[in-house]
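Undergrad: here is the input, now give the coordinates:
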Amino acid sequence: MVEQFNKRIFGRGAAYMYIETIAALISGYIFWIIMSRITTSETIGITSTLFSLAGIVAVVASIGIPTGLQRFLGKSFSDKKLDEAKTLVSVALCLVCIGIAACSIVILIAHSWKQNIFEFDLELILIAIIYIGSSVLFMLFRSVVIASLKTKSLPIIIISSSIVKVSLAAVLLLIGTGTVGLAIGFTSYYVFSSIILGIFVMRTIFKSSSTNNLVARFVTISKSILVSSIVYWIPFLITTIGSQLGTIVVFGSQGANQAGVYFLTLTIVTGITVVMNSLFTIALPTLSGLRDYRKRFAWHAIRFSAIILLPFSCSLIFYSKEVMELFGQNYTNGSTSLEILLLSMLPMTVLTGINILVYSYGNYRDVLIIGLAVSVPRTLLYFILVPIYGGEGAAIGYTVGSIIGCLVSLGIARKIGMKILWKELGIIFIIPSTLAYALAYYQVNFILGIIAATVLSYVLLLKIHIVTSSDVQDLLVILPEGLSGRLSKLVKKIGI
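TA: Prediction:
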């Protein structure tokens, strides 16, 4: 009964998060398609390198607190202890502000020592600092909303912020502000989102709560949060470096133009990965609040994520050239990189699910091992392959690191007795790949081909009962009752 209750709440929360992340994914692609049409690949390359570096610093500044906090918030919200949850969030907010301030000071000092650090002007450095601060606050407030499972507001906030980002960046570029305008537009997304999320958290989730003896308990709570956060933060930092370093190495080795091309291919894959992470992100506080069924729940999350992601990502592999042409003819040489990067989706799905499970158990050593297994091979291969193969070398390094990390995580899963049903995952991968290959072979228009391959994959998966009506209903729970009921009947009819 408890498992069914948690699954129902989890399904509703995850469904809103999927809407949020898919909206962010689509708006992100629209953003870069528009930007690629009104500015040069060099401008995109410089901006992407700036934010790749800033993204690494943002992870440093966060100290892993947005994720570490969720282990405690999951239990507090589960026990309906809102005062305790608000106290935890207040302490976490103080800690991340200290991290943001420290990183900002270090960046400014480094820039004063070397007037042209990384060939970025002072105004770009200041924009990057604003990006670092706002993105960390965004991650913190978003983690609070996710832990509370009150995720209904997230899609509205993300869509509104995306509209602001696209509009502002387009206007600034059209009036000739170049890299600075693109950087300001990109940063506005996190500034706007963090402000709205902060207001939402305080006026809804913690409206009737208060902080108790915050000053007296600050040190004790800080220690607990930091211990939980740092063990995740170190491997996450390593993973982030392993992911973002590809763009930076391509920039240093091949120049801004090639960095821009590789960044856009990575952006497509990263967007899909964010959809995957949305499920695992909400799974963490849910897993932390469970006493039983954790392994079963983690497998359900892996399987559910594969069902959502693989039909679409496998379809993109066979239409990679057409997808990159959306950004312009200058970006079609990134199609091979995109194909290689998309092959990492299955191993990343498996290793992320196992990683979240062992973290919920408090097996911090295993979390660190998985993080190192992914990032160390990636980093080494970037420096070896990028000077030779450019963006394709970076893509190979990224994917090989994902596969090695997956193999290491499977060893850890076996150690704790978690089973991965590879037959199901194999079928979920093979069916859309076969359909997409056939449609691409007969030169079906890429939009129709991707949609047809994805839809037909779900129909076939329903027919052979890999996808069940229960899976679909987990996503239909947010719809109006009448519409949800009619769609459920249709799904059951297809599945018979």
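Undergrad: drop to CA atoms for contacts and neighbour counts, all remaining ones
TA: Fine.
Undergrad: run through this structure and note the low-pLDDT ranges.
TA: For the chain, the stretches with pLDDT under 70 are 1-18, 74-75, 77-79, 114-119, 207-216, 277-293, 469-496.
Undergrad: which helix is the longest one in the chain?
TA: Counting by DSSP state H, the longest helix found in the chain is helix 214-254.
Undergrad: which other helices and strands contact that helix?
TA: helix 41-62, helix 65-78, helix 82-113, helix 256-289, helix 364-389, helix 391-416 (3 or more Cα pairs under 8 Å, 6 or more residues apart in numbering; DSSP states H and E).
Undergrad: now do the buried residues in stretch 86-106.
TA: 86-89, 91-93, 95-97, 99-100, 103-104 (16 or more other Cα atoms under 10 Å).
Undergrad: hmm, back to that, ok now the longest helix of the chain, how far from the chain's centre?
TA: Centroid separation for helix 214-254 versus its chain: 15 Å, with Cα atoms, centre = their mean, to the nearest Å.
Undergrad: ok so, going back, how about the buried residues of stretch 86-106 in JSON lines, adding distance to Leu385?
TA: Below are the buried residues of stretch 86-106 laid out as JSON lines (distance: Cα to Cα, whole Å):
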{"residue": "Lys86", "distance to Leu385": "48"}
{"residue": "Thr87", "distance to Leu385": "48"}
{"residue": "Leu88", "distance to Leu385": "45"}
{"residue": "Val89", "distance to Leu385": "43"}
{"residue": "Val91", "distance to Leu385": "44"}
{"residue": "Ala92", "distance to Leu385": "40"}
{"residue": "Leu93", "distance to Leu385": "41"}
{"residue": "Leu95", "distance to Leu385": "39"}
{"residue": "Val96", "distance to Leu385": "36"}
{"residue": "Cys97", "distance to Leu385": "38"}
{"residue": "Gly99", "distance to Leu385": "34"}
{"residue": "Ile100", "distance to Leu385": "34"}
{"residue": "Cys103", "distance to Leu385": "31"}
{"residue": "Ser104", "distance to Leu385": "33"}
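Undergrad: quick one: which of those is nearest to Tyr189?
TA: Of all these, Tyr189 sits closest to Ile100, with 18.0 Å by Cα to Cα.
Undergrad: quick one: the residue most central in space within the chain from Gln70, how far?
TA: Nearest to the geometric centre of the chain sits Val274, at 2.6 Å (Cα atoms, centre = their mean). Between Val274 and Gln70 the computed distance is 18 Å (Cα to Cα, to the nearest Å).
Undergrad: is the residue nearest to the centre of the chain in contact with Thr21, as I believe?
TA: Yes: if you go by Cα atoms under 8 Å, Val274 and Thr21 touch, sitting 6.7 Å apart.
Undergrad: which ones are touching Gly178?
TA: Gly178 sits next to 39, 43, 172 when contact means Cα atoms under 8 Å, 6 or more residues apart in numbering.
Undergrad: same check, this time on Leu342
TA: Contact analysis of Leu342 by Cα under 8 Å, 6+ apart lists 269, 313-314, 316-317.
Undergrad: closest to Gln258 out of those?
TA: For those, the nearest to Gln258 is Val269 (17.1 Å; Cα to Cα).
Undergrad: run a quick neighbour tally on the closest one.
TA: Look at Val269: counted by other Cα atoms under 10 Å, it has 20 neighbours.
Undergrad: and if you look at Ala128?
TA: For Ala128, the count of nearby residues is 25 (other Cα under 10 Å).
Undergrad: do you know how far it is from Ala54?
TA: In terms of Cα to Cα, Ala128 sits 6 Å off from Ala54.
Undergrad: next: Ser36.
TA: Counting by Cα to Cα, the gap from Ser36 to Ala54 is 21 Å.
Undergrad: ditto for Gly252
TA: Taken as Cα to Cα, the span from Gly252 to Ala54 is 16 Å.
Undergrad: go on, Ile431?
TA: Remark: distance between Ile431 and Ala54 (Cα to Cα) = 39 Å.
Undergrad: also Arg365?
TA: The gap separating Arg365 from Ala54 is 27 Å, by Cα to Cα.
Undergrad: circling back to that earlier point, out of the helices and strands packed on helix 214-254, nearest to Leu439?
TA: Minimum separation from Leu439 across those (Cα to Cα) falls at helix 256-289, 21.3 Å.
Undergrad: need the contact list for Ile38.
TA: Listed by Cα under 8 Å, 6+ apart, the contact partners of Ile38 are 170, 173-174.
Undergrad: between the residues you listed, which is closest to Gly260?
TA: Ranked by distance to Gly260 (Cα to Cα), these are led by Leu173 at 16.5 Å.
Undergrad: who touches the closest one in this structure?
TA: Taking Cα under 8 Å, 6+ apart, we find Leu173 in contact with 38-39, 181-182.
Undergrad: if we go to 7 Å?
TA: Neighbour list for Leu173: 181-182 [criterion: Cα atoms under 7 Å, 6 or more residues apart in numbering].
Undergrad: quick one: the helix or strand it falls within to chain centroid distance?
TA: Per DSSP states H and E, Leu173 falls inside helix 154-174. Distance, stretch centre to chain centre, for helix 154-174: 19 Å (Cα atoms, centre = their mean).
Undergrad: what are the buried residues along it?
TA: By 16+ other Cα under 10 Å, the buried positions in helix 154-174 come out as 154-155, 157-159, 161-162, 164-166, 168-170, 172-173.
Undergrad: now distance to Ser337 too, for the contacts of Ile38, in a markdown table please.
TA: Below are these laid out as a markdown table (distance: Cα to Cα, whole Å):
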| residue | distance to Ser337 |
| --- | --- |
| Ala170 | 27 |
| Leu173 | 28 |
| Leu174 | 30 |
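Undergrad: out of those residues, flag the one nearest to Ile388.
TA: Checking the contacts of Ile38 one by one against Ile388 (Cα to Cα), the nearest turns out to be Leu173, at 33.7 Å.
Undergrad: cool, thanks, talk later.
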